[in-house]
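Asks: no FASTA, just this:
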């Protein structure tokens, strides 16, 4: 029982930390957010495109622009996948008597609601704005994270039955 309490608290803390991180990223003003995205995009560009630094400047800019969109959307997907993952674990451990799969729609719904409020919050941040596309990407990430956690929970429970 103490083991379950530890993990329930762990995933609650992980959920809150993930939500706080998402909030932190959303409070960054437009130029700060763009600078962070550009830094990550440049890192990824150098990994994906050998000789990136030797390309003509115009080609570098075009590649960075195309890649930057993908990097920003992957960041949205990833942070909400982590939120869905942690929420599913916490909800499942919070009510172990409930059917395991019930945690997925609850986690997905909560994470999607958080995504919508996160985009709304960006209306009040300088040089930022809401995007419905981002809510969809965030929601897809949350569902993916929740389903991955569900698979892990099934594996753990099957493994316990065999032992």
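Replies: Good, I have the coordinates. Note that the structure is a prediction, hence the values are computed from the model and not measured.
Asks: and the helices in this structure?
Replies: Remark: helices assigned in the chain by DSSP state H are 2-27, 30-48, 57-94, 103-121, 132-162.
Asks: possible to save those as a markdown table with mean pLDDT and mean neighbour count?
Replies: C-betas here are computed from N, CA, C, even on glycine. Shown next, in a markdown table, are the helices of the chain (pLDDT from 0 to 100; neighbours: other Cβ atoms under 10 Å):
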| stretch | mean pLDDT | mean neighbour count |
| --- | --- | --- |
| helix 2-27 | 95 | 14 |
| helix 30-48 | 92 | 14 |
| helix 57-94 | 95 | 19 |
| helix 103-121 | 96 | 19 |
| helix 132-162 | 93 | 16 |
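Asks: which residue, other than its chain neighbours, is closest to the residue nearest in space to the middle of the chain?
Replies: Residue closest to the mean C-alpha point of the chain, counted by Cα atoms, centre = their mean, is residue 79 at 1.6 Å. Leaving aside its sequence neighbours, residue 79 sits nearest to residue 22 (Cβ to Cβ, 6 or more residues apart in numbering; 5.4 Å).
Asks: repeat that for residue 4.
Replies: Of all residues not flanking residue 4 in the chain, residue 93 sits nearest, at 6.0 Å (Cβ to Cβ, 6+ apart).
Asks: same question for residue 135.
Replies: Once flanking residues are discounted, residue 135 sits nearest to residue 115: 4.8 Å by Cβ to Cβ, 6+ apart.
Asks: which ones are touching the one you found?
Replies: By Cβ atoms under 8 Å, 6 or more residues apart in numbering, the contact list for residue 115 reads 80, 134-135, 138-139, 142.
Asks: mind redoing it with 7 Å?
Replies: Residues in contact with residue 115, defined by Cβ atoms under 7 Å, 6 or more residues apart in numbering, are 80, 135, 138-139.
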